[in-house]
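Q: What follows is a predicted structure for the sequence shown.
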Amino acid sequence: MLVADTVLGNSYQGNHLHEKITFAKENNTLRRLFLSRTEMEKSRLRTKTEDGLEIGLSLEPGHVLHNGDVIEIDSHLIVVHQLPEKVIRVMIRENEWSPNLLVQLGHIIGNRHRPLSITSDGCIMFPIHDETELELFEKLFSDIIDHLELIVEDEIFVPNKGMNVHEH
């Protein structure tokens, strides 16, 4: 088993890895590693790349992998890909915003210990385990549901900084 202890950088941030990635593609040493968000939060992990290469991750405690991170082990370049997961997207209907509504939303979602992502268009997203949880959240939001639209989607979920909590 090959072990990695550092991340070279991210393939989506800047061009500094472009040459290395191109070289690895040409030499068939580029591999892809698909991980869930919770696996990406682990600093120690034993796993396999898409093509079956067994690897171990031994990163600094607290280090979190990100979609597009690049790891080099021996002559292999490994690009980390985050798997999509089920999320609920909460959209507040136009002209329905109020401090009370936002506090209620935050309280209900926070009581369920869900990490949050607030998107640039004002939607609130949080992960769920399966689609049956939509019904649970519709009941929890029953007092404010008329002001909301809830949609279940499969997305690569990245919590906003400071909004990642331990999930129950």
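A: Structure's in. What do you need? Quick caveat: nothing in here was measured; it's all calculated off a predicted structure. Residues are numbered from 1 along each chain as shown.
Q: going forward, measure contacts and count neighbours with C-alpha atoms only.
A: Will do.
Q: Point out where this structure drops to low pLDDT.
A: For the chain, the stretches flagged by pLDDT under 70 are 162-168.
Q: can you map out the helices along it?
A: Ranges of helices within the chain are 18-26, 37-40, 99-111, 133-140, based on DSSP state H.
Q: Which stretch among these is buried most, on average?
A: Burial among the helices of the chain, expressed as mean neighbours by mean count of other C-alpha atoms under 10 Å, is greatest for helix 37-40, which shows a mean of 18.
Q: Pull the CA coordinates from that one and hand them back as PDB.
A: What follows is helix 37-40, C-alpha atoms only, in PDB (Å, rounded to 0.1, in the frame of the first residue of the first chain):
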ATOM      1  CA  ARG A  37     -17.500  14.500   2.200                       C
ATOM      2  CA  THR A  38     -17.100  12.700   5.500                       C
ATOM      3  CA  GLU A  39     -14.200  10.600   4.200                       C
ATOM      4  CA  MET A  40     -12.500  13.800   3.000                       C
END
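Q: quick revisit: of all the helices of the chain, which lies closest to residue 64?
A: Closest of the helices of the chain to residue 64 is helix 37-40, at 5.9 Å (criterion: C-alpha to C-alpha).
Q: isn't residue 134 right up against residue 149?
A: No - under the criterion of C-alpha atoms under 8 Å, residue 134 is not in contact with residue 149, lying 11.2 Å apart.
Q: got the domain boundaries for the protein?
A: Per the record's domain assignment (automatic domain parsing), the chain is made up of the domains 2-82, 85-155.
Q: Including distance to residue 161, could those domains go into JSON lines?
A: Written out in JSON lines, the entries for the domains of the chain read as follows (distance: least, C-alpha to C-alpha, whole Å):
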{"stretch": "domain 2-82", "distance to residue 161": "12"}
{"stretch": "domain 85-155", "distance to residue 161": "9"}
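Q: if I pick residue 66, what's in contact with it?
A: Counting by C-alpha atoms under 8 Å, 6 or more residues apart in numbering, residue 66 touches 10, 40, 80, 81, 82.
Q: if I pick the first one, what's in contact with it?
A: Looking back up the chat, that one is residue 10. When contacts are taken as C-alpha under 8 Å, 6+ apart, residue 10 is in contact with 17, 66, 67, 68, 69, 70.
Q: before we move on, what about the fourth one?
A: Counting by C-alpha under 8 Å, 6+ apart, residue 81 makes contact with 32, 33, 34, 35, 66, 67, 68, 69.
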